[in-house]
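Asker: A predicted structure for the sequence below; I have some questions about it.
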Amino acid sequence: MTTTSTSTQPSEDTISPDKLAAPTKARLRSLDVFRGITVLAMILVNNPGSWGKIYAPLRHAAWHGCTPTDLVFPFFLFIVGVSIAYALSGAKLMPEKHTSTILKIVRRGLTLFALGLFLALFPKFDFETVRIPGVLQRIGVVFIIAAIIFLKTERRTQILISIFLLVGYWVLMMFAPVPGIGQSNLLPTTNLAAWLDNTLLPGHLWKSTKVWDPEGILSTLPAVVTALSGVLVGQWLKKKDDAGNKIAWLMVWGVICTCLGLIWDLHFPINKSLWTSSYVLYTSGLAMLGLGMCYWLIDVKGYQKFTTPFLVYGVNAITVFFLSGLIPRILGMIKVNTPTGEVDSKTYLYESFYTPHLSPYNASLAWALTWIFFWMVILWIMYRKNIIIKV
């Protein structure tokens, strides 16, 4: 990881997923803000005071279905895709630099994977049971694949690849028999994706299930399409066209993709853990609508005063996501003696300052909001000092 404190905007060769952005002349403040809103939401849903006391919108769907929380991860992958289109547009026009650019892409993707693996290992570093898939791991893999596809193919080919992956995944999940089990199904432990995870990564899966993983191997293929939808949108926004026309078509396609996802849901249910094809269309459509609204308000209409709290999250997105996962683990290592026995420092703080004064659900939410404001102060200081940590 490197740190910069200069005021120069990133060039088109800056391809860190955390700082993938437009070159100086075409930079989208709305993209940084949309990224910041998404990362802020990630921290909110990942840091409740008590996992047993969470308001329904801040929970993932139990299996099929989609809550607001289920929008966060695909929105981030969509943003990565949009950023790829901006960051690599210059390199795409220079085939002689493709090899060196691909090496940079792979290095950054593997760095993200390594950071995710470090979080899974910390603090015990038990390599025998470490969870290999994960959020940062998926971001790294998807970034590598989507960036190379953008670099080496044209828009029409990217659309065809997206269709092939979505339809192919639907065929595999709905019609291919599951080895050792029989007929295809979408049940949590016996579907084809779960079988593949358990076959290739036994003992290295999500600890809550042990036999399948929500960021598993097969479901990463449709996740690539989530990023490619962002790549396609990024290319559209970069076109030299009237801003109103670009926004209008972005919103139209957002509605179309959302509706197609809902229609496909009738046969291939929307499901985050399986990252179903209907889920890709549905969440990508909503992401288009969200980005379109931000683009219109911030970059076209110029309403920017309210954006700084989200902007500070957006320019150091990977950094704050990584640290917000690391610090709670460190708090769990620090023990405090209390009249009822020894507890970790997180439990001590939560039960001392939150649960005595608020209802269980509000206390849990207040703890998460505290983390939001804690990181906002740090990120605001970094933003004022122009400190951007690039992965």
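Answerer: Right, received. Where do you want to start?
Asker: residue 319 belongs to a strand?
Answerer: No - Residue 319: not assigned to a strand; according to DSSP: H, G, I helix; E, B strand; the rest coil it is helix.
Asker: I'd say it and residue 389 touch.
Answerer: Yes - Residue 319 lies in contact with residue 389 (C-beta atoms under 8 Å); the separation is 4.4 Å. In short, each C-beta sits where N, CA and C put it, glycine included.
Asker: out of the two, which sits in the busier spot?
Answerer: The neighbour comparison of residue 319 against residue 389 (other C-beta atoms under 10 Å) goes to residue 319, with 25 against 19.
Asker: all helices for the protein, in order.
Answerer: Using DSSP state H, the helices of the chain run over 29-46, 72-87, 89-92, 98-121, 135-152, 155-175, 192-200, 220-238, 243-265, 277-294, 308-314, 317-333, 345-353, 360-384.
Asker: pull the CA atoms of the second one into PDB?
Answerer: Put plainly, it is helix 72-87. Extracted in PDB, the C-alpha atoms of helix 72-87 (Å, rounded to 0.1, in the frame of the first residue of the first chain):
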ATOM      1  CA  VAL A  72     -24.200  -2.800  -0.700                       C
ATOM      2  CA  PHE A  73     -21.700  -5.300  -2.100                       C
ATOM      3  CA  PRO A  74     -23.000  -5.400  -5.700                       C
ATOM      4  CA  PHE A  75     -23.100  -1.600  -5.700                       C
ATOM      5  CA  PHE A  76     -19.400  -1.500  -4.800                       C
ATOM      6  CA  LEU A  77     -18.500  -4.000  -7.600                       C
ATOM      7  CA  PHE A  78     -20.600  -1.900 -10.000                       C
ATOM      8  CA  ILE A  79     -18.600   1.200  -8.900                       C
ATOM      9  CA  VAL A  80     -15.400  -0.700  -9.500                       C
ATOM     10  CA  GLY A  81     -16.600  -1.400 -13.000                       C
ATOM     11  CA  VAL A  82     -17.400   2.300 -13.700                       C
ATOM     12  CA  SER A  83     -14.000   3.300 -12.400                       C
ATOM     13  CA  ILE A  84     -12.300   0.800 -14.600                       C
ATOM     14  CA  ALA A  85     -13.800   2.400 -17.600                       C
ATOM     15  CA  TYR A  86     -12.400   5.800 -16.500                       C
ATOM     16  CA  ALA A  87      -9.000   4.600 -15.200                       C
END
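Asker: how far away is residue 259 from residue 253?
Answerer: 11 Å (C-beta to C-beta, to the nearest Å).
Asker: okay, and the common contacts of those two?
Answerer: residue 285 (C-beta atoms under 8 Å, 6 or more residues apart in numbering).
Asker: coming back round to it: mind putting the helices of the chain in CSV, distance to residue 54 and mean pLDDT included?
Answerer: Below are those laid out as CSV (distance: least, C-beta to C-beta, whole Å; pLDDT from 0 to 100):
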stretch, distance to residue 54, mean pLDDT
helix 29-46, 8, 96
helix 72-87, 14, 97
helix 89-92, 41, 94
helix 98-121, 21, 97
helix 135-152, 18, 98
helix 155-175, 29, 98
helix 192-200, 25, 97
helix 220-238, 24, 97
helix 243-265, 24, 96
helix 277-294, 21, 98
helix 308-314, 21, 96
helix 317-333, 16, 95
helix 345-353, 14, 94
helix 360-384, 6, 97
